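1. sequence isn't available, so here's the structure alone:
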């Protein structure tokens, strides 16, 4: 089938199945207040209350990163080459 | 939307934050207005803006900006003002406010935004530059700005004007008004003035011209550890000292719109509504006494 | 435009305060002349704001990483790419690229692509509200496909990746726990393969942005259209793919609110 026929046939099919009503017209309107994420701009000072507000505990120079121990990267894994590199580094540092 | 306000009616609102989006849109009306942080609605569309548009159909909205940095020596970038203007036109707020602080500057020749409300030196030089910026923004937006005193954690040695005097002069020059945050006076009183909060608040209020105040903010913050500064975290109910100051403010400035501001450790919606009701009761009592 | 000369900037008290907050070597704190307790409050607030902002914009990345390492990454990124728009929501457009230059990004090479997906989802959430201008569909029967172009909804993003991004995303954000576990297993399997390619699409039917994997032919077709090729040229790229059906594609595209308007050249 040439492209012109293909395209007009597709349109005809979509129209005949009532498919051109966009999602929102189907009467299942999403509640915007259930979708909005927490906001990022604030005029309160987070220095006192925010748990993440401490100075960095990590010393990059020493390579003392706990890496992804508590994150899901530890489940998914990294590259074997990189793992080897880390092991090597750890041994060298010991 | 227009509100008919009788002489002694004080409009009392709450700061609307994300955890209360469902409450505001699904519960019966319990506050007179809401206030949001403008920058959180700078997106061109989407869920948050849709919430605000729906809220606007039910309530007058006050747009409180947090990033404009009117006191910056660096000019406010046009991209920021364009976002704010677009939002203003969508929402048609009944009040528009910002802080007497600076936010823009340069590091290594690059424009940066501080992401914080940094204090300004209260000098004639800052006043001149800030008046220019306020004029520019008011003209650009076609609206009056209401400018808030801020909590600070450092002071500039350069300052020789009080903040109240600085704001009064700023308003006189620009036609802007003051947003009086009573808790911010309390925070600065503890951090810099020895902590006689009631005295600091009374002095501040009496230094401001009667007609200069267009809105009041009431907030509470966590008590500091001994020897530490008070940090204005907006995480607590309004303190007794601040309520005391509110009575004086209403007695002096009359029925100005009042906002309960709560940002961290947000309580249930009903607690915010109760705080707003407490403000309303206090204001009514003061105004009733005054009109006798 | 900057209306102060460099000399004046060096003297200005606002510049000094910014420097005291941003340059946090201990010697700088001692020499800045400001109250150190106060400067530390501003420093902590800056880091906390940055951390909160990135946590919200990059929810997958921050689930993937340990909180200690992410704090360090936020700190580095803040210095490398300081905010300059006055809106934390818009900060982080180059976080993905930054991650790819870090050691952890090299060890876990899917992190940078996960960040790119997070960012597309974040932008789509705040993106312009667009729906299909359905009257323009008529062009499909009236005009030559050589002359037709599809303007997609601005919240639609299609990109290729060498990692199972859709699975990693669902493993963290699907509402159903069993689905999350299954997605995690699928992701692990895909990551253990020698070569992998996925074409990911972000779209927004109404308010909630969604992510899905496109088949090779759908991906090819959409990438051609998104690159500005005509409908006819784009169809030609999938002519030999038996699994591709334009009719099916069109039906799904309308359902997913992918199309904004059909345009005739």
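-> Arrived safely, thanks for sending. A quick note: this is a predicted structure, and the numbers were derived from the prediction, not measured. Numbers count the residues shown, from 1 in each chain, chains lettered A, B, ... in the order given.
2. tell me the contacts of the residue of the stretch 51-200 of chain B found nearest chain A?
-> Taking Cβ to the nearest Cβ, chain A has its nearest neighbour within the stretch 51-200 of chain B at residue B:66, 4.4 Å off. All C-beta atoms are positioned from the backbone trio N, CA, C, and that covers glycine. For residue B:66, the contacting residues are A:41-43, B:37-39, B:98-99, B:117, by Cβ atoms under 8 Å, 6 or more residues apart in numbering or on different chains.
3. now do residue C:139
-> Here residue C:139 is in contact with C:148, C:262-264 (criterion: Cβ under 8 Å, 6+ apart).
4. ok, it to residue C:233 distance?
-> As judged by Cβ to Cβ, to the nearest Å, residue C:139 and residue C:233 stand 16 Å apart.
5. picking up where we left off before, out of the contacts of residue B:66, who's near chain C?
-> Among the contacts of residue B:66, the ones lying near chain C by Cβ under 8 Å from any Cβ of the partner chain are A:41-42, B:39.
6. may I ask which of those residues has the most neighbours?
-> residue B:39 (27 neighbours; other Cβ atoms under 10 Å in any protein chain shown).
7. surely that one is in contact with residue B:65?
-> Yes: under the criterion of Cβ atoms under 8 Å, residue B:39 makes contact with residue B:65 at 6.7 Å.
8. ok, residue A:36 touching residue B:52?
-> No: look at residue A:36 against residue B:52 with Cβ under 8 Å: they stay out of range, at 9.4 Å.
9. shared neighbours of these two, which are they?
-> Joint contacts of residue A:36 and residue B:52 (Cβ under 8 Å, 6+ apart) do not exist.
10. how about the residues of chain A near chain B?
-> A:31-50.
11. circling back to that earlier point, among the contacts of residue C:139, which ones are in strands?
-> Those of those mapping onto strands are C:148, C:262-264, per DSSP state E.
12. now the buried members of those residues.
-> Restricting the ones in strands among the contacts of residue C:139 to buried positions leaves C:148, C:262, with burial counted as 16 or more other Cβ atoms under 10 Å in any protein chain shown.
13. now pLDDT too, for the ones in strands among the contacts of residue C:139, in TSV please.
-> Listed next are the ones in strands among the contacts of residue C:139 as TSV, based on pLDDT from 0 to 100:
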residue	pLDDT
C:148	98
C:262	97
C:263	97
C:264	95
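14. circling back to that earlier point, dump the contacts of residue B:66 to a markdown table, plus secondary structure, pLDDT and distance to residue C:77.
-> Shown next, in a markdown table, are the contacts of residue B:66 (DSSP: H, G, I helix; E, B strand; the rest coil; pLDDT from 0 to 100; distance: Cβ to Cβ, whole Å):
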| residue | secondary structure | pLDDT | distance to residue C:77 |
| --- | --- | --- | --- |
| A:41 | coil | 96 | 18 |
| A:42 | coil | 90 | 19 |
| A:43 | coil | 89 | 23 |
| B:37 | strand | 98 | 23 |
| B:38 | helix | 98 | 25 |
| B:39 | helix | 98 | 20 |
| B:98 | strand | 98 | 28 |
| B:99 | strand | 98 | 26 |
| B:117 | strand | 98 | 22 |
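15. closest to chain C out of these?
-> Closest approach between the contacts of residue B:66 and chain C, by Cβ to the nearest Cβ: residue B:39, at 4.5 Å.
16. please verify my assumption that residue B:219 contacts residue B:180.
-> No: counting by Cβ under 8 Å, residue B:219 does not reach residue B:180; the two are 12.0 Å apart.
17. excluding chain neighbours, what is closest to the closest residue to chain B within the stretch 51-200 of chain C?
-> When scored by Cβ to the nearest Cβ, the stretch 51-200 of chain C has residue C:126 as its residue closest to chain B, at 2.8 Å. Counting by Cβ to Cβ, 6 or more residues apart in numbering or on different chains, residue B:43 is the residue found nearest to residue C:126 once chain neighbours are left out, at 2.8 Å.
18. can the helix or strand encompassing residue C:223 be said to contact chain A?
-> Here residue C:223 sits within helix C:216-226, counting by DSSP states H and E. No: Helix C:216-226 is not in contact with chain A by Cβ under 8 Å from any Cβ; minimum separation 12.2 Å.
19. buried residues, the following helix or strand past that helix. List them.
-> The helix or strand immediately downstream of helix C:216-226 is helix C:231-237, counting by DSSP H and E. Of the residues in helix C:231-237, C:231-235, C:237 count as buried by neighbour count, 16+ other Cβ under 10 Å.
20. in CSV: those residues, plus distance to residue C:134 and pLDDT.
-> As requested, the buried residues of helix C:231-237 are exported to CSV (distance: Cβ to Cβ, whole Å; pLDDT from 0 to 100):
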residue, distance to residue C:134, pLDDT
C:231, 17, 98
C:232, 22, 97
C:233, 24, 97
C:234, 21, 98
C:235, 21, 97
C:237, 26, 97
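21. from the contact counts, what lies against the strand or helix carrying residue B:133?
-> In this assignment (DSSP H and E), residue B:133 forms part of helix B:124-141. Counting contacts by 3 or more Cβ pairs under 8 Å, 6 or more residues apart in numbering or on different chains; DSSP states H and E, helix B:124-141 is packed against helix B:78-91, helix B:163-174.
22. go through those and pick out the most buried.
-> Comparing the helices and strands packed on helix B:124-141 by mean neighbour count (mean count of other Cβ atoms under 10 Å in any protein chain shown), helix B:163-174 ranks first with a mean of 20.
23. contacts for that one, please.
-> Contacts of helix B:163-174 (Cβ under 8 Å, 6+ apart): B:100, B:122, B:126-127, B:130-131, B:134-135, B:138, B:145, B:147, B:149, B:161, B:176-178, B:188, B:203-204, B:207-209, B:212.
24. redo that, cut-off 7 Å
-> Residues outside helix B:163-174 that contact it (Cβ atoms under 7 Å, 6 or more residues apart in numbering or on different chains) are B:100, B:122, B:127, B:130-131, B:134-135, B:138, B:147, B:149, B:176-178, B:204, B:207-209, B:212.
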